[in-house]
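K.L.:
Sharing a model prediction with you, sequence too.
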Amino acid sequence: MRVLITGGAGFIGSHLAEELINSGHQVMILDNLSTGRLENIKPLEKNPNFELVIDTILNENLMDKLVEKSDIIFHLAAAVGVELIVKKPLESLTTNIKGSEIVLEMAYRYHKKVLITSTSEIYGKNVNGPLKEDDDRILGSPLKTRWSYSTAKAVDEMLAYVYWKQRDVPSVIVRLFNTVGPRQTGTYGMVVPRFVEQAMINEPLTVYGTGKQSRCFIHVKDVVKTLVKLIGEPKAVGEVFNIGSQEEISIEQLAKEIIRVTKSRSRITYTSYEKAYEDGFEDMQRRVPDTSKINKLIGFKLTYTLPAIIEDIVNYLKTNKRS
Ligand code: UDP
């Protein structure tokens, strides 16, 4: 099949491109390189089944052409990362909402199957767990920039769902929970690459808040394998699925684990959210997915434990020095 990946030079997109090419598909990626990097797709550069287009998903004429010649679309292009969202809320709102609308409109025009990537941010401050796909969203004020990402992604989900309901666009929605692994950068706020890089140079690991807040981390390879399986499943159309690990760990414990695995001499420091992000910043205390829906449909099993994930990132950073 001919597959279009928007945001394909990004952290998850580049792993997905590799997975699809290894499974015998032709892959075209569209990326404006705002957060994506050419370095991520270097292993694919010379592959005859790979094509790169450097442009934005907001370019409607181009999107029309790319969607027309694709069989399926994985829509991953988005402004992500809490720090980036807090710093540039306007850009993240327009890319995430307008961009998805264009992708869905083109999928409608040419009747193509599309997978929309959403996020666990959807659930906001709902600390119940494990969270099921139809659980409530609990958000703070719309004027708190952190919630702009959750809101934009909720609009994306609604668009995908109604394009399916009203216009028959075969869309699948996935909510990704804290995906980590090689090629992820800490520049936009993600905790694991930051802590691993800090540990590798024996710098303090910067825990925000009390460190009692918890997350579940999943290796990107487990995610992309699942995405490829899911897009081939007809019963996934018109549905939303959580994808994530259920191995819950507090951020403080994560810092200790990273220090242990990397045999680092780093210590742990604590910084307030206000200092780390902005005044009035609200974090979510807990975020654990219920993955029974996807497990029932296609079988869902993780191959990487947290220590294995950390080791994989360390090996990557040792062989790929950042510029
Ligand atoms: N975090 C931290 N130190 C950092 C970066 C993040 O303690 O250098 C915390 C952050 O406040 C949050 C958790 O780690 O509680 C996960 O942050 P991330 O941005 O990776 O993911 P998300 O908040 O979107 O789950």
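P.N.:
Yes, it's here. Quick caveat: nothing in here was measured; it's all calculated off a predicted structure.

K.L.:
so where's the protein uncertain?
P.N.:
321-323 (pLDDT under 70).

K.L.:
near the ligand, which residues of it?
P.N.:
Counting by C-beta under 6 Å from any ligand atom, the residues of the chain lying close to the ligand are 82, 178, 189-191, 194, 206-209, 213, 215, 251, 283. Where you see a C-beta, it was placed from the backbone N, CA and C, and this is true even at glycine.

K.L.:
residues in contact with K293?
P.N.:
With contacts defined as C-beta atoms under 8 Å, 6 or more residues apart in numbering, K293 is in contact with 132-133, 239, 241-242.

K.L.:
and the residue of the stretch 1-150 of the chain found nearest the ligand, what does it touch?
P.N.:
Ranked by C-beta to the nearest ligand atom, the top residue of the stretch 1-150 of the chain for proximity to the ligand is V82, at 4.4 Å. The contact partners of V82, taken as C-beta under 8 Å, 6+ apart, are 146, 149, 188-189, 277.

K.L.:
Assign T95 to helix, strand or coil.
P.N.:
Following DSSP: H, G, I helix; E, B strand; the rest coil, the label given to T95 is helix.

K.L.:
ok, so what distance separates R109 from A236?
P.N.:
Note on R109: its distance to A236, by C-beta to C-beta, to the nearest Å, is 22 Å.

K.L.:
ok, now V169?
P.N.:
Distance from V169 to A236, by C-beta to C-beta: 14 Å.

K.L.:
Can you get me a residue count around the nearest residue to G7 once chain neighbours are set aside?
P.N.:
Distances taken as C-beta to C-beta, 6 or more residues apart in numbering put A77 closest to G7, at 3.3 Å, once the chain neighbours are dropped. The number of residues packed near A77 is 29, by other C-beta atoms under 10 Å.

K.L.:
Just list the residues touching A77, thanks.
P.N.:
6-7, 10, 13, 30-32, 57, 95, 99.

K.L.:
Who's the closest spatial neighbour of the residue lying farthest from the centre of the chain, skipping the chain neighbours?
P.N.:
Each residue of the chain has a distance to the centre, and by C-alpha atoms, centre = their mean the biggest one is for R265: 30.6 Å. The shortest distance from R265 to any residue other than its chain neighbours is 4.6 Å, reached at N202 (C-beta to C-beta, 6+ apart).

K.L.:
List the contacts of the one you found.
P.N.:
N202 makes contacts with 264-266, as judged by C-beta under 8 Å, 6+ apart.

K.L.:
can those go into JSON lines with extra columns for distance to K65 and secondary structure?
P.N.:
Converted to JSON lines, the contacts of N202 look like this (distance: C-beta to C-beta, whole Å; DSSP: H, G, I helix; E, B strand; the rest coil):
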{"residue": "S264", "distance to K65": "49", "secondary structure": "coil"}
{"residue": "R265", "distance to K65": "54", "secondary structure": "coil"}
{"residue": "S266", "distance to K65": "49", "secondary structure": "coil"}
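
K.L.:
and which of the residues you listed is nearest the ligand?
P.N.:
Comparing the contacts of N202 against the ligand with C-beta to the nearest ligand atom places S266 closest, at 12.5 Å.

K.L.:
For the closest one, give its distance to F195.
P.N.:
Relative to F195, S266 is positioned 9 Å away (C-beta to C-beta).
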